[in-house]
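> give me coordinates for this.
(chains A and B)
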Amino acid sequence: MSKELQNPKITPESQHVSLTPYVVGFVLSLVFTFIPYQLVVNEILTGNMLLAAIIGCAMIQLVIQVVFFLHLGREKKPRFNLVFLLGTIGIILVVVLGSIWIMNHLHHNMSATDVTDKVASDEAVRQIDGARVGTCAGVGTNHKIELKNDSVTPLRVEAKQCDTITFSNKGDATREIRFGTQADPETYAGESGETIRARRNKIFTLTELGTHAFYDPINNTVSGYFTVKR
Amino acid sequence: MVNEHIAESHEEAAMDRVGFGFWVYLMTDLLMFAVLFAVFAVLRDATHGGPSGQELFKLPFVLTETLILLTSSFTAGIGMLAAHRGIKSQVLTWFGLTFCLGLAFLGMELYEFAEFIHEGHTWQSNASLSSFFTLVGTHGLHITSGLLWMGTALVFIWKRGLNAPLVRKLTLLSLFWHFLDIVWIFIFTVVYLMAFV
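Numbers count the residues shown, from 1 in each chain, chains lettered A, B, ... in the order given. Down below sits the predicted model:
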C-alpha cells in the first residue's frame, strides 16, 4: 500500500484496467492455439475442413487479443481506432484475397503444360509427341480411380472415348502415376504421366483408344488398367 | 482549480492524439505485413523442386515459440497494470520477464533460420523460401526493435523511477508488443500450420 502511495497519480483511477481481462484473454488465446495445433498434428480433419477450422481459430484469436489485450472495446466515442482497424482489415482482404485469386488464375492459364493442353483442344491438334490423341467435343462419363496408400480401386476401368478418368489420391504419400508398365513405359495422349500429391485429384481425358496400363515407379503394388473403346 | 482541470484535459487530449497516431502507425505496419502475407500465399508452392514447408517445419518447435510470445504478451499486460498503479518494482519485474521471453523467442527464430541455412535452404534457394524468410524475418526485426525499446525504457525506469511520460511510453510499447503477438498468430497459422493441410 505504501508503495502505491509513492506515486499516487500516474493514471486517473477511471482508466484502470483490472487483471481479469488479461487472464481471460491469455487462457482463451492458449485454447485457440492448441485447438488448431491438435487438429493439424493428429489429422482430425483434412482438406478444406481443416483449412477452414484453423483459419477460423486464427480469426477468433484476433478478436480475443484485440478485445482483451488491446482493450479496443473501452475506447471513448468517436471510435477512430476501431474505424481505422476495420478500414485496414478491408484493405487487407482486398490485397490478400485479390492477389491469391488473380495469381491462381494466371498460374492456371499460363503454365506451360496448361497452355499446350488448351491449344491442343482449341485447335483440334491430333498429335502430341507423335502420339495420336484425337479431339473431343465435350466430355463423357467420369470414371474414378482411388489410390489409397498401396491399393488401387477399381483395378480396371472400361470407358468410352472422350470419357474422363479422375485419379484420386486418398493416401498420405505423393503418387507418381506413369503410363505403361515399369518394364515398358509408354505415353498416353502425349503425356507420360503426372504427379498427384496427397489428397489431390488429377483428371485425364481419354482421347486415345485401346488398353493402357499405369503404374507408380516408386511403389510396384500401385498399378492398374483402363480400356478405351469407340 | 479550473486551470488545473483544463491543463489536465489538454494533457489527456495530447495523449489521445499520440495514442491515435501510434495506432495509425500500427495499422500501416499491418498493411505491410498483409502484403508480405499475400506474397507468401502466392509463392508458397514455388519451391523449384526443393522441399516444401511440410518437410522443413517442426511444429512442436514452432508451438513452443508461439507459447513463449503469447506468455510475453500476457506479462507485458500485467506490467502495464503495475505501471498504471505506479509500482516501480513490479513494472521492472514483469517487463523484465517480458524482455527475457522476447529474447528467447528471437533466439528460437534465429536458430530455426540458421538450421535451414545450414541444411542448404536459404532465401536464395527458391521463391517460396525467399517469401518465407522475408515475412518471418520482418516479424523478427520488429521483435528486435521492440526489445531495444523495452530495454532502454527499463533502464530509464530503473534509474529515474516511474513518471507519467514513461508510463505513456510503456503504454505504446505494450500496444506494439500485443500487435506483434497478433501478427505472429497469423504467421503460425498461415505459414506453419497451413503447410500441413
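> where does pLDDT dip in chain B?
Within chain B, the stretches with pLDDT under 70 are B:1-12, B:14-15.
> tell me, how many neighbours does the residue in it positioned nearest to chain A end up with?
Proximity of chain B to chain A (C-beta to the nearest C-beta) peaks at residue B:86, 3.5 Å away. C-beta coordinates here come from the backbone N, C-alpha and C atoms, glycine included. A count of nearby residues for residue B:86, using other C-beta atoms under 10 Å in any protein chain shown, gives 22.
> how about it, phi and psi?
phi 80, psi 30 (degrees, to the nearest 10).
> ok, it to residue B:167 distance?
As defined by C-beta to C-beta, to the nearest Å, residue B:86 lies at a distance of 8 Å from residue B:167.
> shaky segments in chain A?
A:1-17, A:108-139.
> name all residues that make contact with residue B:94.
Residue B:94 makes contact with B:75, B:76, B:78, B:79, B:82, according to C-beta atoms under 8 Å, 6 or more residues apart in numbering or on different chains.
> can you give me the helices in chain A?
A:2-6, A:20-41, A:47-68, A:80-110, A:112-122 (DSSP state H).
> so how far is the second one from its chain's centroid?
For helix A:20-41, the gap between its own C-alpha mean and the chain's C-alpha mean amounts to 25 Å (C-alpha atoms, centre = their mean, to the nearest Å).
> swap in the fourth one?
Chain-centre distance of helix A:80-110: 18 Å, with C-alpha atoms, centre = their mean.
> on that earlier part again, among the helices of chain A, which comes closest to residue B:35?
Comparing the helices of chain A by their distance to residue B:35 (C-beta to C-beta), the top pick is helix A:80-110, with 6.2 Å.
> next, the angle from the closest one to helix A:47-68.
Relative orientation of helix A:80-110 and helix A:47-68, computed by axes from the mean of the first three to the mean of the last three C-alpha atoms, to 10 degrees: 160 degrees.
> now the helices of chain A in JSON lines, with mean neighbour count and distance to residue A:166?
Formatted as JSON lines, these follow (neighbours: other C-beta atoms under 10 Å in any protein chain shown; distance: least, C-beta to C-beta, whole Å):
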{"stretch": "helix A:2-6", "mean neighbour count": "9", "distance to residue A:166": "71"}
{"stretch": "helix A:20-41", "mean neighbour count": "17", "distance to residue A:166": "27"}
{"stretch": "helix A:47-68", "mean neighbour count": "17", "distance to residue A:166": "16"}
{"stretch": "helix A:80-110", "mean neighbour count": "13", "distance to residue A:166": "18"}
{"stretch": "helix A:112-122", "mean neighbour count": "12", "distance to residue A:166": "16"}
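> out of the ones you listed, nearest to residue B:125?
Nearest of the helices of chain A (C-beta to C-beta): helix A:80-110, 20.2 Å.
> by contact count, what packs against the closest one?
helix A:112-122, helix B:2-43 (3 or more C-beta pairs under 8 Å, 6 or more residues apart in numbering or on different chains; DSSP states H and E).
> show me the one of the helices of chain A that comes nearest residue B:50.
Comparison of the helices of chain A against residue B:50 by C-beta to C-beta identifies helix A:80-110 as nearest, at 18.1 Å.
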